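Colleague: Everything below, folded, please.
(chains A and B)
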Amino acid sequence: MDVFSDPTNFDVYVTGFLWILKLTAAGTVGALILGVLLAAMRVSPVPVLRGFGTTWVNTFRNTPLTLIIFFCYFGLFSTLGVKLSDDIDRNNYWLGVIGLSVYTAAFVCEAIRSGINTVPPGQAEAARAIGMSFFQTLTIIVLPQAARAVIAPLGSIFIALAKNSTIVGTIGLAESSNAMKELINANGDQVIAIFLVFAGTFAAVLIPTGYAFGWLANRMAVKR
Amino acid sequence: MRINRMTAVAGAFALVMAAAACGGDDSGSDTAASGIVGKAGSDKKLVFGVKADQPGLGLQTGSTYTGFDIEIAKIIAKGLGVPESGIEYKTTVSSNREPFIQQGQVDVVVATYTINDERKKVVNFGGPYYVAGQDLLVPVNSTITGPESLAGKKVCSVSGSTPAKRIQTEYKDAKLQQFDSYSKCVTALAGGQVDAVTTDDIILAGYAAQDQYAGKFKVVGKPFSSEPYGIGVKKEDSEGCNKINEILKAAAADGSYKAAWDNTLGKSGKPAPELDVTKLTNCS
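Modeller: Residues are numbered from 1 along each chain as shown, chains lettered A, B, ... in the order given. Got it, this is the predicted structure:
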């Protein structure tokens, strides 16, 4: 039978991409929050915080994501006993989200830090001159301007995050790459067709996403 | 801007062409010296696709491969007149066996390869040389006695594999953890994160017999499926398939089949199975 005419195969496909969506959504939120915090640490006047931020970025930016995800299962869960849910899939999902967030936050942090560098120093100096604290200067004056400069690079990072989500399959979540493997194992005669459908789905969603971020970046840019 | 758009279009076009070329070239080139009998006769060389991560069956340590599948591969090679130095092993995983055969990257696949109707559409099977069954590997003091007692238990298998699928569809009460290799499953079993590992009984026996797990695990011993292991060759190669069946018949008669078992999986204490030559496939 043709692989495309079996409805259970369609379920496998849909489940796979639903997990990717959920991973990307939660990963984006986690990475944004962590990344902004890290960027704030890296530009803060406190040496300990700066050191922490730098260490984080250098450690996780340079560790393969596969290892991080693998550690989340066999390190955090198996050895340290961090259990996030009784359901196996949920547990693996949240472990995956932790791994993806921790990894992606390093890149988000660096993007935001480069955005901060596009804000003229006069802006921060003026803020300080009218008596604002570091925290106020950062959140009211610098970050809003920096954010508008980093929309395009953040877009790239989140597109990468969506694709990286497939790695959570190594700890057993039935996401799209696992779904693809399952279908290929059962339908060895239609490998290329199956592959093109899965790769095509990613492209169909992510290419427009890229354009959307580009458009938004143009609209929001601070014209100087 | 205009130039950018032009290059983008050209790039996309090139990609599409490349993808089309990928799909199109599987019909040519295998007309002349197609079959393994011809290749073995002229080159005295054959490429065998085998598993690399299954102790007792196909295990790679350094650059050498050992196991029951490897011994079977040696018997086939010998029967075709290929010396042991002419055998080249290539690691295959479950999902790339059919493509490897079709593309000619391997000549023969001996890799815990279950014969089924979907696979028969794309490859030709000699054998079966062994009939395995899906079983469970559990800690020695476990209360699990068979697939019926799996309700609420965590069972581990390889993602996308036939055993994993069977648990999902036929034993829905079990909780399935999937990894990309059985080694990870066995690690999780040793650490207590899962209650059982499931796949074909001889693969499990291979793990149970490994030194580092000796005495910790047991195979439940109630197989709940039938997995006839075949030897895959190209779909068109019925000559090679017939030849493989002849070689297997001869190996069963002269004792080399039993020797292959005794030197590998036999070490787990399991007696050599009888190779039922009446069940060999009809090569088409």
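
Colleague: Enumerate every residue touching residue B:281.
Modeller: By CB atoms under 8 Å, 6 or more residues apart in numbering or on different chains, the contact list for residue B:281 reads B:115, B:125-128, B:230, B:241, B:245. Bear in mind the C-beta positions are built from the backbone N, C-alpha and C, glycine included.

Colleague: whoops, residue A:28 was the one
Modeller: Listed by CB under 8 Å, 6+ apart, the contact set of residue A:28 reads A:104, A:158, A:161.

Colleague: separation between it and chain B?
Modeller: Look at residue A:28 and chain B: by CB to the nearest CB, to the nearest Å, they are 25 Å apart.

Colleague: need the longest strand for chain B.
Modeller: Identified as the longest strand of chain B according to DSSP state E is strand B:123-132.

Colleague: what distance separates that strand from the middle of the whole chain?
Modeller: 10 Å (CA atoms, centre = their mean, to the nearest Å).

Colleague: Could you do stretch B:56-65 as well?
Modeller: 14 Å.

Colleague: need the helices for chain A, in chain order.
Modeller: Assigned by DSSP state H, chain A shows helices spanning A:7-43, A:47-61, A:65-71, A:88-118, A:121-129, A:134-136, A:143-149, A:151-164, A:176-186, A:191-220.

Colleague: Show me what the third one is packed against.
Modeller: Okay, so that is helix A:65-71. helix A:88-118 (3 or more CB pairs under 8 Å, 6 or more residues apart in numbering or on different chains; DSSP states H and E).

Colleague: what about the helix it packs on, distance to the chain center?
Modeller: The chain centroid and the centroid of helix A:88-118 are separated by 5 Å under CA atoms, centre = their mean.

Colleague: In CSV: the helices of chain A, plus mean pLDDT and distance to residue B:81.
Modeller: Formatted as CSV, the helices of chain A follow (pLDDT from 0 to 100; distance: least, CB to CB, whole Å):
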stretch, mean pLDDT, distance to residue B:81
helix A:7-43, 93, 43
helix A:47-61, 95, 56
helix A:65-71, 93, 44
helix A:88-118, 94, 50
helix A:121-129, 93, 80
helix A:134-136, 92, 81
helix A:143-149, 91, 70
helix A:151-164, 94, 49
helix A:176-186, 85, 34
helix A:191-220, 93, 33
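
Colleague: secondary structure class for the residue of the stretch 101-250 of chain B found nearest chain A?
Modeller: Per CB to the nearest CB, residue B:160 is where the stretch 101-250 of chain B lies closest to chain A, at 3.5 Å. Here residue B:160 is coil, with the state taken from DSSP: H, G, I helix; E, B strand; the rest coil.

Colleague: Was I right to think it contacts residue B:95?
Modeller: Yes: at 6.6 Å, residue B:160 and residue B:95 qualify as touching, with contact defined as CB atoms under 8 Å.

Colleague: If you count surrounding residues, which of those two has more?
Modeller: Neighbour comparison, residue B:160 and residue B:95: the larger count goes to residue B:160, with 24 against 20 (by other CB atoms under 10 Å in any protein chain shown).

Colleague: Please name the spatially closest residue to residue A:16 (chain neighbours excluded).
Modeller: residue A:179 (3.1 Å; CB to CB, 6 or more residues apart in numbering or on different chains).

Colleague: ok, how many other residues are close to the one you found?
Modeller: So residue A:179, with other CB under 10 Å, has 26 neighbours.

Colleague: just checking, it touches residue A:13?
Modeller: Yes: at 5.9 Å, residue A:179 counts as touching residue A:13 under the criterion of CB under 8 Å.

Colleague: Next, show the common contact partners of those two.
Modeller: Residues touching both residue A:179 and residue A:13 (CB under 8 Å, 6+ apart) are residue A:198.

Colleague: burial of residue A:207, as a residue count?
Modeller: A total of 11 residues lie near residue A:207 under the criterion other CB under 10 Å.

Colleague: Also residue B:113?
Modeller: Neighbours of residue B:113 using other CB under 10 Å come to 27.

Colleague: So it: helix, strand or coil?
Modeller: Residue B:113 ends up strand, using three-state DSSP.

Colleague: For chain B, which residue gets nearest to chain A?
Modeller: Residue of chain B nearest chain A, by CB to the nearest CB: residue B:98 (3.1 Å).

Colleague: per-residue pLDDT, that residue?
Modeller: If you check residue B:98, the pLDDT there is 87.

Colleague: Show me the strands in chain B, by range?
Modeller: For chain B, the strands defined by DSSP E occupy B:46-50, B:53-54, B:58-61, B:64-66, B:87-91, B:108-114, B:123-132, B:134-139, B:154-158, B:175-179, B:196-200, B:217-219, B:227-234.

Colleague: Lowest average pLDDT across the ones you listed?
Modeller: Among the strands of chain B, strand B:53-54 scores lowest, with a mean of 84.

Colleague: other SSEs contacting that strand?
Modeller: The contact analysis (3+ CB pairs under 8 Å, 6+ apart) places strand B:53-54 against helix B:182-191.

Colleague: Repeat the analysis, applying 10 Å as the threshold.
Modeller: strand B:58-61, helix B:182-191, helix B:201-208 (3 or more CB pairs under 10 Å, 6 or more residues apart in numbering or on different chains; DSSP states H and E).

Colleague: how close does the residue of chain A found nearest chain B get to residue B:138?
Modeller: The nearest approach of chain A to chain B comes at residue A:188, 3.1 Å away (CB to the nearest CB). Applying CB to CB, to the nearest Å, the value for residue A:188 to residue B:138 is 31 Å.

Colleague: try residue A:133
Modeller: Applying CB to CB, the value for residue A:133 to residue B:138 is 61 Å.

Colleague: now residue B:272
Modeller: Counting by CB to CB, the gap from residue B:272 to residue B:138 is 25 Å.

Colleague: now swap in residue A:115 and tell me
Modeller: On the measure of CB to CB, residue A:115 and residue B:138 end up 55 Å apart.

Colleague: Neighbour count for the two, which is higher?
Modeller: Set side by side, residue A:115 and residue B:138 show more neighbours around residue B:138, with 25 against 21, by other CB under 10 Å.
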